[in-house]
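[1] everything below, folded, please.
(one chain, ligands or ions: 1)
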Amino acid sequence: MKTAKSIILYVALVLFGFTAVSELLFAQIPSTIPDALTVIHSRKSVRKYLDKPVSKEQLEILLRAGMAAPTAGDKRPWEFVVITDPAMLDTLSLATRGTRMLSSAAAAIAVCGNTSIGFKSEVWVHDCSAASENILLAVEAIGLGAVWTGIYLNVEPTKYVQRVLGLPEEVIPLNVISIGYPTGAEKPKNKWDPTKIHWEKW
Ligand SMILES: Cc1cc2nc3c(=O)[nH]c(=O)nc-3n(C[C@H](O)[C@H](O)[C@H](O)COP(=O)(O)O)c2cc1C
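    Numbering: from 1, shown residues only. Okay, the predicted model is just below:
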């Protein structure tokens with residue numbers, strides 16, 4: 001009898017423990033994800049955030065989406081620096097006039113090109129841009145909000161981000177993606193413009 005009680009208690013604890021842990025892990029991930037086209041057309045730059053943290057699991061979903069992107073010659077010349085420390089986000093927010101929202105973001109991902117990997121050209125910019133868009137779409141899919149803040153091509157901000165993040169010389173930040181829970185203030189734009197389409201020939 002005593003053994004049976006112990007077994008029941010053990011099973012209950014295991015079940016409770018598993019439920020508690022899984023709730024902790026998955027609580028912030030929506031159980032249903034909208035379809036791809038809905039996500040694409042709902043994506044918008046989000047610069048205003050709720051005061052709510054994003055979890056490591058949410059960030060890993062975004063990073064997995066980034067690394068699913070196509071790259072020239074399948075070289076994958078990317079590096080991702082994930083920032084959640086508020087003091088670091090504050091420091092990064094000073095990189096350019098366009099990075100100010102980082103001070104109120106819950107997290108950021110600096111998408112960087114590793115110029116020692118892949119082709120000796122700037123094709124890493126294309127590769128890392130594809131990864132960045134995947135991240136932005138994954139952000140939308142899981143109910144977060146984000147904005148791409150441009151770093152690359154701005155000489156001083158590039159040096160600043162390299163210094164703040166301690167990047168090796170051959171690693172160049174393309175952008176810093178600012179991430180948080182959206183307030184709902186920002187809406188997607190309708191950019192459909194048939195005059196931009198040239199069927200068969202200009
Ligand atoms: C290469 C690139 C650089 C950008 N840099 C910034 C930036 O520094 N700061 C910012 O607030 N938004 C930046 N954006 C976001 C654009 O302003 C935004 O995508 C554009 O206004 C269209 O709005 P939407 O993203 O809501 O469709 C950048 C976007 C791209 C693709």
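
[2] report how many residues lie close to whatever residue of the chain ends up closest to the ligand.
    Across the chain, the shortest distance to the ligand (CB to the nearest ligand atom) belongs to residue 98, at 2.5 Å. The C-beta positions use only the backbone N, C-alpha and C, and glycine is treated the same way. Residue 98 sits with 18 neighbouring residues when counted by other CB atoms under 10 Å.

[3] same question, residue 49
    By other CB under 10 Å, 21 other residues sit near residue 49.

[4] re the thing from before, report pLDDT for the residue of the chain closest to the ligand.
    Per-residue pLDDT puts residue 98 at 98.

[5] and if you look at residue 20?
    We have a pLDDT of 44 for residue 20.

[6] repeat for the one 10 residues further on
    Residue-level confidence at residue 30 comes out at 88, pLDDT.

[7] swap in residue 9?
    50.

[8] now the residue of the chain closest to the ligand, nearest residue through space, not along the chain?
    residue 149 (5.1 Å; CB to CB, 6 or more residues apart in numbering).

[9] for that neighbour, helix, strand, or coil?
    Under DSSP: H, G, I helix; E, B strand; the rest coil, residue 149 falls in the strand class.

[10] show me this protein divided up by domain.
    What automatic domain parsing lists as the domains of the chain is 1-31, 39-184.

[11] out of the ones you listed, deepest packed?
    Comparing the domains of the chain by mean neighbour count (mean count of other CB atoms under 10 Å), domain 39-184 comes out on top with a mean of 18.

[12] measure that one end to end?
    One end of domain 39-184 sits 15 Å from the other (CA to CA, to the nearest Å).

[13] residues contacting residue 161?
    Residues in contact with residue 161, defined by CB atoms under 8 Å, 6 or more residues apart in numbering, are 92, 95, 110, 151, 167, 173, 176.

[14] cool, and residue 133?
    Counted by CB under 8 Å, 6+ apart, residue 133 has contacts residue 69.

[15] pLDDT of whichever strand or helix holds it, averaged?
    Using DSSP states H and E, the element containing residue 133 is helix 123-141. Helix 123-141 carries an average pLDDT of 98.

[16] can you give me the strands in the chain?
    Applying DSSP state E to the chain gives strands spanning 78-83, 107-114, 145-150, 171-180.

[17] could the C-alpha coordinates of the longest one be exported in CSV?
    By that I understand strand 171-180. Taking C-alpha atoms only, strand 171-180 is exported to CSV below (Å, rounded to 0.1, in the frame of the first residue of the first chain):
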residue,chain,number,x,y,z
VAL,A,171,32.6,40.2,-39.1
ILE,A,172,30.5,43.1,-40.4
PRO,A,173,27.1,44.0,-38.9
LEU,A,174,24.5,44.3,-41.7
ASN,A,175,21.7,45.4,-39.3
VAL,A,176,20.4,45.2,-35.8
ILE,A,177,16.8,43.8,-35.6
SER,A,178,15.0,45.4,-32.7
ILE,A,179,12.4,43.0,-31.2
GLY,A,180,9.6,43.2,-28.7
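
[18] between the contacts of residue 161, which sits nearest residue 195?
    Residue 195 has its nearest neighbour among the contacts of residue 161 in residue 151, at 32.1 Å by CB to CB.
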